[in-house]
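Asks: pasted the sequence and its predicted model underneath.
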Amino acid sequence: MGQAVNPVMEPLGFTWRGTVAALAGVPAKEIVVSTLGVLYTGDEEASDQTLGARLTTPNPATGQPDFTPASALAFMVFILLYCPCIATITAIVKETGQLRYGIFSIVYNTALAWVMGLITYNIALLF
């Protein structure tokens, strides 16, 4: 699923692992970091290397790290702003009594997060 959605997220500097973590964070944003930890450990034995070091280690396939300072900043902005968790969406629907407000919240927040992430990524590339 992450690799299928990744072309939409590539302009923000995301790799497929970052996209998978963002998708996993839809039920609860707390899951994003633990998902990154699982994806970057993979089949290997857990090493003493911190998650931050694993995220910035050059990928053997591309020779570039998966998270550069620009892409990491865009990732944080996107995760901060994208669709609310399922509990919040449920509360919006129950309080308003209409599903369309829940759907609007998902679409609007995710579109805003994508645009702000793109702006952040491109500005960060200048430095």
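Replies: Here it is on my side, so go on.

Asks: which helix in this protein runs the most residues?
Replies: helix 99-125 (DSSP state H).

Asks: which other helices and strands does that helix contact?
Replies: Where contact means 3 or more CB pairs under 8 Å, 6 or more residues apart in numbering; DSSP states H and E, helix 99-125 is packed against helix 69-81, helix 86-96. Every C-beta, even on glycine, is put in place using the N, C-alpha and C of the backbone.

Asks: give me that answer again for 10 Å
Replies: Counting contacts by 3 or more CB pairs under 10 Å, 6 or more residues apart in numbering; DSSP states H and E, helix 99-125 packs against helix 2-9, helix 16-24, helix 69-81, helix 86-96.

Asks: distance from the chain centre to the second one, please.
Replies: Computed by CA atoms, centre = their mean, to the nearest Å, the chain-centroid distance of helix 16-24 equals 5 Å.

Asks: distance-wise, check the residue lying farthest from the centre of the chain relative to residue 91.
Replies: What lies farthest from the middle of the chain is residue 97; by CA atoms, centre = their mean that is 29.7 Å. Residue 97 sits at a distance of 12 Å from residue 91 (criterion: CB to CB, to the nearest Å).
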